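Asker: show me the folded form of this:
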Amino acid sequence: MIFVKKKLIEEKGITGIDIVISVIIITMFVALIAIIFANINSNSQGINRKTEATHKAISLIEEIKNSGIENVDKFIDTEGSNILDEKNNPTPYTKKVNVVDYTEIEGNEEKIPGIVKKVTVEVSYKNGNKVETVELSTLLTAKEIEYEN
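Answerer: Residues are numbered from 1 along each chain as shown. The predicted structure follows:
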């Protein structure tokens, strides 16, 4: 009889509780890994959108600079409009362009008007539920400056 009791106590094996706990731990681990990959993907898409918005802002500033200071006023767009792609289809990016004569900026009242203009380009895009913005500014100068004597 003593031999039978020892055999029951020493019996080893996997119980149902062991399996349930193992499955719960594995499920939690897989869920954690899935959340991490989803966050990495979301951050990557946000970075790509910001990079594209920055590229569009730089391209627009370069286009304005190439047109010259005398044509800069035709680019003014303070309300905001869609940026079009090569085929004139709207993109998910919007632009605002503001041009200010440098004499209108505080501290520059005594300067000659029309020689220097500050151009600010703002490109907005939607990232998830938020609207994000990239803003770039540059100064344009007249090529030939005539001074009054």
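Asker: residues near the closest residue to D77 other than its chain neighbours, how many?
Answerer: Computed as C-beta to C-beta, 6 or more residues apart in numbering, the closest residue to D77 that is not its neighbour in sequence is V97, at 4.7 Å. For the C-beta atoms, the positions are set from N, CA and C on the backbone; glycine is no exception. The burial count assigned to V97 is 21, neighbours taken as other C-beta atoms under 10 Å.
Asker: which residues touch the residue positioned nearest the centre of the chain?
Answerer: Closest residue to the average C-alpha location of the chain: K50 at 2.6 Å, with C-alpha atoms, centre = their mean. Residues near K50 by C-beta atoms under 8 Å, 6 or more residues apart in numbering: 125, 127, 132, 134.
Asker: secondary structure class of the residue nearest to D77, three-state.
Answerer: strand (DSSP: H, G, I helix; E, B strand; the rest coil).
Asker: quickly list what it is bridged to.
Answerer: D77, V121 (DSSP bridges).
Asker: my guess is it meets I61, correct?
Answerer: No: between V97 and I61 there is no contact under C-beta atoms under 8 Å: 9.1 Å.
Asker: overlap in contacts, those two.
Answerer: With C-beta under 8 Å, 6+ apart as the test, V97 and I61 both reach 119, 121.
Asker: for my notes, confirm E106 occurs in a helix.
Answerer: No: counting by three-state DSSP, one finds E106 to be coil, located in no helix.
Asker: ok, how many other residues are close to it?
Answerer: 5.
Asker: so who does it touch?
Answerer: Listed by C-beta under 8 Å, 6+ apart, E106 has no contact partners.
Asker: pLDDT value on it, please?
Answerer: At E106, the model reports a pLDDT of 71.
Asker: try N129
Answerer: For N129, pLDDT reads 87.
Asker: V20 too?
Answerer: pLDDT at V20 comes out at 92.
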